[in-house]
Structure formats: C-alpha cells, structure tokens
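Undergrad: just to be clear, the model below is a prediction. Sequence and coordinates:
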Amino acid sequence: MISTFDKAGLRFQYPENWSLTDESLDDWPKSVTVQSPGGGFCSIVLYDHGTEPNTLLEQTLSQMRAEYPELESSVVVEQFDETAATGYEMFFYCFDFLVSARVFVLRAADGRVFLFLWQAEDRDFAQVEPVFRAITTSLLREQAAE
C-alpha cells in the first residue's frame, strides 16, 4: 500500500511500511525523512527562494567529509522524468558498515530549492534505491502539477 505525505508544501507518496522519522516543517528549511524498515532513508529538505543550489550541494559534501573524513565521492547525474539533477555519490564507513549515499539538489519552477539525501548500508542500497527514486519522482511530479 501507499501513503501520502502532504504538509508545508511537500507532497509525495511513499510505501506504507516505511516510517516518517523526522519532520521539521515550522521554519526554513523544511525537512522530512522517510525511513525503510531496514534502516535506509530518504531525506527531503526544502529551501526558500534565494538559496543557491550549487553552494548548498558543496556545503553538504563538506559537512559529510567533516563527519566522515575518509568519505569517497564522485559526481553523478540523476534523471527524473525530464529533469536532470547533478549531485554526488558517496561511500563511507560508519560503525564498520560501508554506507552508500547520494545527495543532489533541484530548483523548483517557483524558485525554491530541494535537497535530497538517499542513504543506506551499501549491501541494501540497490534494493531501496528504486523506492528512493519513486519518492523523489512523486514529489517532483506533485510540484510540477501545482
């Protein structure tokens, strides 16, 4: 079954057996995290107008490097329908687990900026990536429909 999140300008669908683990919707930036039963998560952060996407992306990578000094990263381009998003694919160790993550940003038609962070243990990432992609695509389609 599918659930729908619809608050504070964020609307997307996600699997019913996944949980909303973090919501910060009162102030800017607005954020919500959807977590899989296995621990992987998709975080969506909405920034108000005036936020520079590339600066935001570089700041996020810098923060990840500060937390995980041995982080490895490479540039990736994610395609969602007709929209391409540039970001980073990252690998790092956390508590002896290899973790895969992707971070990318998109500017909405109204000028707001979305940051997406997908993260899961490396051995689980391939299984949850299609769900992360579906959640992200769902949100982008809802934004385009507004």
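TA: Cool, the structure landed.

Undergrad: per-residue confidence at the residue minimising distance to the centre of the chain?
TA: Centroid-nearest residue in the chain: F116, 2.2 Å away (criterion: Cα atoms, centre = their mean). At F116, the pLDDT value in this model is 95.

Undergrad: got a list of what it touches?
TA: Contact analysis of F116 by Cβ atoms under 8 Å, 6 or more residues apart in numbering lists C42, S43, I44, V45, A85, G87, R102, V103, F104, V105, L106, T136. C-beta coordinates here come from the backbone N, C-alpha and C atoms, glycine included.

Undergrad: how about L117?
TA: Residues counted as contacts of L117 (Cβ under 8 Å, 6+ apart) are F41, C42, S43, V45, T60, A101, R102, V103.

Undergrad: give me that answer again for 10 Å
TA: Neighbouring residues of L117 by Cβ atoms under 10 Å, 6 or more residues apart in numbering: 31, 33, 41-45, 60, 64, 87, 90, 101-104, 132.

Undergrad: for the residue nearest to the centre of the chain, helix, strand, or coil?
TA: Secondary structure assignment for F116 (DSSP: H, G, I helix; E, B strand; the rest coil): strand.

Undergrad: in the sheet, who's paired with it?
TA: Listed by DSSP bridges, the beta-bridge partners for F116 are I44, F104.

Undergrad: which other residues reach the helix or strand of the chain with the lowest mean pLDDT?
TA: Least confident helix or strand, the chain: strand 19-24 with a mean of 84, by mean pLDDT, DSSP states H and E. If you take Cβ under 10 Å, 6+ apart as the criterion, strand 19-24 is touched by 3, 5, 7-8, 10, 14, 30-37, 41, 43, 45.

Undergrad: same thing with stretch 63-72?
TA: Contact with stretch 63-72 is made by 61, 73, 88-94, 99, 101, 103, 117, 119, as judged by Cβ under 10 Å, 6+ apart.

Undergrad: show me those residues that map onto helices.
TA: Judged by DSSP state H, the subset of those located in helices is L61.
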